[in-house]
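*Asks:* Prediction below, plus the sequence it came from.
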Amino acid sequence: MQYIKDYIDKNKQRFLEELFGLIRIPSISSLEENKPDMYRAAEYWKQTMLNAGCDKAEVLESKGNPVTFGQRIIDKNLPTVLVYAHMDVMPVDPLELWKSKPFEPEIRDNKIFARGADDDKGQSFMHAKAFELMVKTNTLPCNVKFIIEGEEEIGSPNLKDFMIKHKEMLAADIILVSDTGMIATDIPSITTGLRGLSYMEVEVTGPNRDLHSGIFGGAVANPANVLAKLIASLTDNDGKITVKGFYDDVIDISKEERAEMSKAPFNENDYKKALDIDELFGEKGYTTNERTGIRPSLDVNGIWSGYIGEGAKTVIPSKAYAKISMRLVPNQDNIKISKLFEEHFLAISPKTVKVKVTALHGGQGYVSPIDMLAYIAAEKAYSEVFGKKPIPTRSGGSIPIIATFEEVLGIKSILMGFGLESDAIHSPNENFPLELFFKGINTIPLFYKYFAELYKTKA
């Protein structure tokens, strides 16, 4: 609609400057040294909400990092949209691979380059500006609430308790989230499913100190060697996970649904070229998109042991560690899977070492029905802005708190993502196309419009 386009065109530069102010705050939730930055980001969001038109906005304490809440209630008889986003970001390591400073946003090739440019500061800021647009043009059709948390990147460990405590405050008809992606710049899609997550750490201990590899080599078990063998055994040659009981609760997707999913465009050669790899690998019998959307997976996220400095130091390390994530499909319970993994890993460990398994965090998977009002409204909004109907997709990623929203608040979520696979979230040189940032601001007000209309018709 023209008034939307006109407002965006008039305020483009200001939108970017305000977003850049948020990005410059190094709100890394996993590092204790950045704790003050979490409060700076929370206060920044508070002021952003007030400036955009919220009746009230406040920074609230959780058992961990702060949460910013804001709202504008125009009529209690109208539906309420609860916008969820997160202000925290991933660490920036390895720093040397960044082409520009990660917390000093830079525009190159019509993209914003910075940590948080997409995940989730860029995408969340679209909602603040879309809300501002509706308020300033007197077109806001329903009530709006915002909840911006500071622990999503570490599994949202304290948000469930926060929700239970503030359940009445968070009451809404739908939760609106932009923390997912689209198939391509010109191929919109709506995420209808998220994989769950079970994130583990394993510690393998051998001798009580690092040993000289010449004097002791061949006489005692090397924890690094043992760990490598244990990890290698967790998947077989067909890409199946070998943890006993792992697949017990996995529901096979019907041939009909797999056929619908297959309509999403995918070019294997382009995929391999973009990743600079010669061959793909995954569970036998499934396509690449199915492997990352409807099937579980197991991956080592980090592994370390012994001497890794410059030159040589001939030691048998006393300890070896690994961090392992398992992405789960919606019917799998992350707590059950964590327990199964622990039991399996301990069972296959040799007596030559001591093994400790710790579950760090996790979350359930989520499925969003394509016949609910919010999906229909989002579909209409995307179609109007992009000129084509969005494709429903299931994401390989996880947003653990989405399932918890439904559990605690009894509210479904609609996942309207605008990011791309090439945005390099969690990696060096994270970026977000300017085109999609502004198209997001264009699309979101239309979602509100159609959702309010559909809600009124249903009522």
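*Replies:* Everything's here; your move.
*Asks:* Distance check, the nearest residue to Gln332 once chain neighbours are set aside against Phe131.
*Replies:* Setting aside the residues directly before and after it, Gln332 is nearest to Asp249 in space (C-beta to C-beta, 6 or more residues apart in numbering), at 5.1 Å. In short, each C-beta sits where N, CA and C put it, glycine included. Separation of Asp249 from Phe131 (C-beta to C-beta, to the nearest Å) stands at 39 Å.
*Asks:* quick one, which of the two is more surrounded?
*Replies:* Phe131 (26 against 15; other C-beta atoms under 10 Å).
*Asks:* picking that back up, does the residue nearest to Gln332 belong to a helix, a strand or coil?
*Replies:* Of the three states, Asp249 takes coil under DSSP: H, G, I helix; E, B strand; the rest coil.
*Asks:* Quick one: residues contacting it.
*Replies:* Taking C-beta atoms under 8 Å, 6 or more residues apart in numbering as the contact definition, Asp249 lies against Asn331, Gln332, Asp333, Lys336.
*Asks:* List the residues that contact the third one.
*Replies:* Looking back up the chat, that one is Asp333. Asp333 is in contact with Gly196, Asp249, Gln364, counting by C-beta under 8 Å, 6+ apart.
*Asks:* Return the member of these nearest to Ile303.
*Replies:* Distances from these to Ile303 were compared by C-beta to C-beta; the smallest belongs to Gly196, at 23.0 Å.
*Asks:* Across the sheet, point out what pairs with the closest one.
*Replies:* Here Gly196 shows beta-bridge partners Leu328, assigned using DSSP bridges.
*Asks:* Could you measure from it over to Ser395?
*Replies:* For Gly196, the distance to Ser395 - C-beta to C-beta - is 12 Å.
*Asks:* Return the residues in contact with Lys263.
*Replies:* Residues in contact with Lys263 (C-beta under 8 Å, 6+ apart) are Ile391.
*Asks:* can you list the residues that contact the lowest-mean-pLDDT helix or strand in the chain?
*Replies:* Considering only helices and strands, the least confidently modelled element of the chain by mean pLDDT, DSSP states H and E is helix 255-261, at a mean of 78. In this structure, residues lying in contact with helix 255-261 by C-beta under 8 Å, 6+ apart are Ile253, Asn289, Glu290, Gly293, Ile294, Pro392, Thr393, Arg394.
*Asks:* Max pairwise distance over the residues you listed: which two?
*Replies:* Pairwise across the contacts of helix 255-261, and taking C-beta to C-beta, the largest span is found between Glu290 and Pro392, at 14.1 Å.
*Asks:* on that earlier part again, C-terminal to the least confident helix or strand of the chain, what's the next element?
*Replies:* Per DSSP states H and E, the first helix or strand lying C-terminal to helix 255-261 is helix 268-275.
*Asks:* by contact count, what packs against that following helix?
*Replies:* Contacts of helix 268-275 with other secondary structure elements, assessed using 3 or more C-beta pairs under 8 Å, 6 or more residues apart in numbering; DSSP states H and E, are absent: no helix or strand is involved.
*Asks:* Can you give the contact residues for it?
*Replies:* Helix 268-275 has contacts (C-beta under 8 Å, 6+ apart) with Asp278, Glu279, Leu280, Thr288, Glu421, Ser422.
*Asks:* Helix, strand, or coil at the most far-flung residue of the chain relative to its centre?
*Replies:* Distance from the C-alpha centroid of the chain peaks at Ile215, with 47.7 Å (C-alpha atoms, centre = their mean). Three-state assignment for Ile215 (three-state DSSP): coil.
*Asks:* confidence score at it?
*Replies:* Model confidence at Ile215, expressed as pLDDT, equals 96.
*Asks:* Enumerate every residue touching the nearest residue to Gly417 once chain neighbours are set aside.
*Replies:* Setting aside the residues directly before and after it, Gly417 is nearest to Thr180 in space (C-beta to C-beta, 6+ apart), at 3.0 Å. Each residue near Thr180 by C-beta under 8 Å, 6+ apart is listed here: Thr191, Leu194, Ser395, Gly397, Ile399, Leu415, Met416, Gly417, Gly419.
*Asks:* Only the buried residues of the helix or strand in which Leu340 is found, if you could.
*Replies:* Assigned by DSSP H and E, Leu340 falls within helix 334-348. By 16 or more other C-beta atoms under 10 Å, the buried positions in helix 334-348 come out as Asn334, Ile337, Ser338, Leu340, Phe341, Glu342, His344, Phe345.
*Asks:* Name the nearest of those residues relative to Glu406.
*Replies:* Among the buried residues of helix 334-348, Asn334 lies closest to Glu406 (C-beta to C-beta), at 14.8 Å.
*Asks:* Need the nearest residue in space to that closest one, chain neighbours excluded.
*Replies:* Take Asn334 and drop its neighbours on the chain: the residue closest to it by C-beta to C-beta, 6+ apart is Gly362, 3.6 Å away.
*Asks:* Relative to Ile324, how far out is that neighbour?
*Replies:* For Gly362, the distance to Ile324 equals 12 Å [C-beta to C-beta].
*Asks:* what residues are shared contacts of the two?
*Replies:* Counting by C-beta under 8 Å, 6+ apart, the residues touching both Gly362 and Ile324 are Tyr199.
*Asks:* picking that back up, so what touches the helix holding Leu340?
*Replies:* Contacts to helix 334-348, defined as C-beta under 8 Å, 6+ apart, come from residues 196-198, 200, 202, 230, 233, 242-246, 249, 324, 326, 328, 355, 357, 359, 362-364, 400.
*Asks:* now that helix: mean pLDDT?
*Replies:* For helix 334-348, the per-residue pLDDT values average out at 97.
*Asks:* moving C-terminal of that helix, what's the next helix or strand?
*Replies:* With elements assigned by DSSP H and E, the helix or strand that comes after helix 334-348 is strand 354-363.
*Asks:* helices and strands around that next one, which ones?
*Replies:* Contacts of strand 354-363 with other secondary structure elements, assessed using 3+ C-beta pairs under 8 Å, 6+ apart, are made with strand 196-205, helix 334-348, helix 401-409.
*Asks:* Could you dump the ones you listed into JSON lines with distance to Leu60 added?
*Replies:* Conversion of the helices and strands packed on strand 354-363 to JSON lines gives the following (distance: least, C-beta to C-beta, whole Å):
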{"stretch": "strand 196-205", "distance to Leu60": "26"}
{"stretch": "helix 334-348", "distance to Leu60": "27"}
{"stretch": "helix 401-409", "distance to Leu60": "16"}
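*Asks:* circling back to that earlier point, just want the angle from the helix holding Leu340 to strand 196-205.
*Replies:* Here helix 334-348 points in a direction 30 degrees away from that of strand 196-205 (axes from the mean of the first three to the mean of the last three C-alpha atoms, to 10 degrees).
*Asks:* residues of the helix or strand where Leu16 lies that come out buried?
*Replies:* With elements delineated by DSSP H and E, Leu16 resides in helix 2-23, which encompasses its position. Applying a neighbour-count criterion of 16+ other C-beta under 10 Å, the buried positions in helix 2-23 are Ile4, Tyr7, Ile8, Asn11, Phe15, Leu16, Glu18, Leu19, Phe20, Leu22, Ile23.
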